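**Student:** curious how this folds, go ahead:
(one chain, ligands or ions: 1)
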Amino acid sequence: MKKINSLKIPIYRDAGFYLENADKTSKAFNEETLHSREPETYIYSRYRNPTVVAVEKQIMELEESGWALLCESGMAAIDIALSVFQKGKDTGNWLFFSEIYGGTNSFIDQVLIKGRGLNIHRYYAENGSYDLNRLEKVLIEIKPELLYFEVISNPMLMVSDVKSILSLAKNTDCKVIIDNTFATPYLLNPLNMGADLVIHSATKYLSGHGNVTAGVVCGNDVALMQNAIEYRKLVGHMLSPDDAYRLGTQMKTFRLRFKQQCRNAGMLAELLEKHPAVETVLYPGLLSLPSHIIARNLFEKDAYGAMLTFDLAGINDADKKKKRDTFIGLISDQIHLIPSLGDTETILLPVEPVWGEKYPLPGMIRLSAGVEEPEELLQLIIGALDKLVE
Ligand code: PLP
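**Tutor:** Residues are numbered from 1 along each chain as shown. Coordinates of the predicted model:
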């Protein structure tokens with residue numbers, strides 16, 4: 001086939017690649033064991049795929065990392081990132097912050113503790129923040145080999161003091177994995193601050209249209225990333241070339257989208273805070289959030305993320321629940337209840353039905369801001385809130 005004058009990344013759907021003869025086959029398999037970032041010869045798409053490798057390059061530029069490995073979901077990225085630190089019976093203590101994605105918490109309980117028998121410890125937040133003096137003591141006491149946390153927590157939007165936490169972890173020789181899904185590379189690049197691995201659910205802001213499920217592990221340590229390539233190959237966590245292509249195309253507008261999403265979230269947070277139908281607003285850009293100062297010192301570009309959580313006012317829990325259901329009913333034709341985030345459309349999720357006992361707050365709603373015209377969003381949301389206090 002003649003060379004095509006296209007500037008787009010081609011989608012290579014080959015399951016296995018053509019190797020010409022036995023010598024080339026032997027050379028390709030030998031080279032494969034070197035786990036270079038970009039293979040000379042492709043063998044099999046579960047090992048490496050050229051479309052996927054091209055999109056990984058785009059993520060490396062965003063996350064300012066030496067390596068990026070795409071996989072089929074954020075959970076697959078978490079599995080890869082954690083598994084490369086596992087050393088059989090010699091695995092030491094691992095420490096996880098309490099305010100992390102529910103799926104990650106279930107993975108810890110069901111896979112790491114119950115299935116793999118690992119020594120897991122949790123570090124609990126108190127009153128909307130992590131006490132770093134206490135963290136220092138815990139790090140010295142239990143000497144974890146690995147620390148795992150998220151930059152912005154879900155659904156309370158607490159911001160972790162990434163620089164200080166990394167410095168405490170480094171003092172005790174502890175490796176660190178950071179889930180940067182909510183903050184995104186637009187707000188910070190944790191590898192540049194000393195994190196060992198950064199993971200994303202690319203299902204969220206990186207793909208940004210609610211139509212791709214993907215994850216990525218970013219890092220700079222060659223040996224660690226080569227182990228990650230081998231693990232991804234052996235457990236079959238590879239992303240499909242079609243999904244990689246769509247992710248790559250959609251990522252071209254990532255900065256534009258996220259900038260507008262942060263603006264919309266910030267504007268909404270300020271207005272919601274003043275509205276009589278709302279009791280509390282949690283948003284890292286608001287002075288009222290306990291971790292606001294941390295966010296201000298940490299994030300670049302004067303932006304605070306695009307997620308916000310608010311609690312509706314009510315005389316008791318039953319009243320709050322009624323108001324929540326009325327509010328959702330009033331806007332549900334335009335702003336949909338979808339259990340995800342980061343889409344171009346604003347979407348919402350009631351907190352109590354999802355988090356249950358952890359956050360039994362019947363008036364609480366989490367909102368993922370989209371890229372709509374601000375006036376359009378305001379009219380809808382403030383209009384519905386006005387009706388709650390009429
Ligand atoms: N990390 C965070 C912060 C998330 O919110 C999620 C999913 O919501 C994940 C990881 C898992 O990602 P995925 O659903 O793509 O597996």
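**Student:** show me the contacts for whichever residue of the stretch 51-200 of the chain sits closest to the ligand.
**Tutor:** Distance from the ligand to each residue of the stretch 51-200 of the chain (CB to the nearest ligand atom) is smallest for G74, at 2.2 Å. (Glycine included, C-beta is placed from N, CA and C.) Applying CB atoms under 8 Å, 6 or more residues apart in numbering, we find G74 in contact with Y101, G103, T181, I199, H200, S201, A202, T203, K204, A214, G215.
**Student:** tell me the helix or strand right after the host helix or strand of the fifth one.
**Tutor:** Right, H200. Mapping H200 onto the secondary structure by DSSP states H and E places it in strand 197-201. Going down the chain from strand 197-201, the next helix or strand is strand 215-219, by DSSP H and E.
**Student:** just want the angle from the helix or strand just after that following strand to strand 197-201.
**Tutor:** Downstream of strand 215-219, the first helix or strand assigned by DSSP H and E is helix 222-235. Between the axis of helix 222-235 and that of strand 197-201 there is an angle of 40 degrees, by axes from the mean of the first three to the mean of the last three CA atoms, to 10 degrees.
**Student:** any idea of the mean pLDDT for the strand holding H200?
**Tutor:** Strand 197-201 carries an average pLDDT of 98.
**Student:** ok, it: who's next to it in the sheet?
**Tutor:** strand 175-179 (parallel), strand 215-219 (antiparallel) (DSSP bridges).
**Student:** the helix or strand following the first one near the ligand at all?
**Tutor:** Of the helices and strands lying after strand 175-179 in sequence (DSSP H and E), the nearest is helix 184-187. No - contact between helix 184-187 and the ligand, assessed by CB under 6 Å from any ligand atom, is absent, since the two come no nearer than 10.8 Å.
**Student:** for the nearest residue to N264 once chain neighbours are set aside, what are its contacts?
**Tutor:** Using CB to CB, 6 or more residues apart in numbering and skipping the chain neighbours, the partner closest in space to N264 is A369 (4.1 Å). A369 sits next to Q261, C262, N264, A265, L268, A306, M307, L308, T346, L377 when contact means CB under 8 Å, 6+ apart.
**Student:** for L188, state which of the residues you listed is nearest.
**Tutor:** C262 (12.9 Å; CB to CB).
**Student:** quick check: chain neighbours aside, which residue is closest to the closest one?
**Tutor:** Nearest to C262 is A303, by CB to CB, 6+ apart, at 4.0 Å.
**Student:** contacting residues for that neighbour?
**Tutor:** Neighbouring residues of A303 by CB under 8 Å, 6+ apart: Y186, L187, F258, K259, C262, R263, G266, G285.
**Student:** what about the residue in the stretch 201-350 of the chain positioned nearest to the ligand, how many neighbours?
**Tutor:** Using CB to the nearest ligand atom, S201 is the residue of the stretch 201-350 of the chain that sits closest to the ligand, at 3.0 Å. By the criterion of other CB atoms under 10 Å, S201 has 28 neighbours.
**Student:** so it touches E72, yeah?
**Tutor:** No - counting by CB atoms under 8 Å, S201 does not reach E72; the two are 11.2 Å apart.
**Student:** list residues touching both of these two?
**Tutor:** Joint contacts of S201 and E72 (CB under 8 Å, 6+ apart) are A214, G215.
**Student:** per-domain residue ranges of the chain.
**Tutor:** 22-251, 254-388 (automatic domain parsing).
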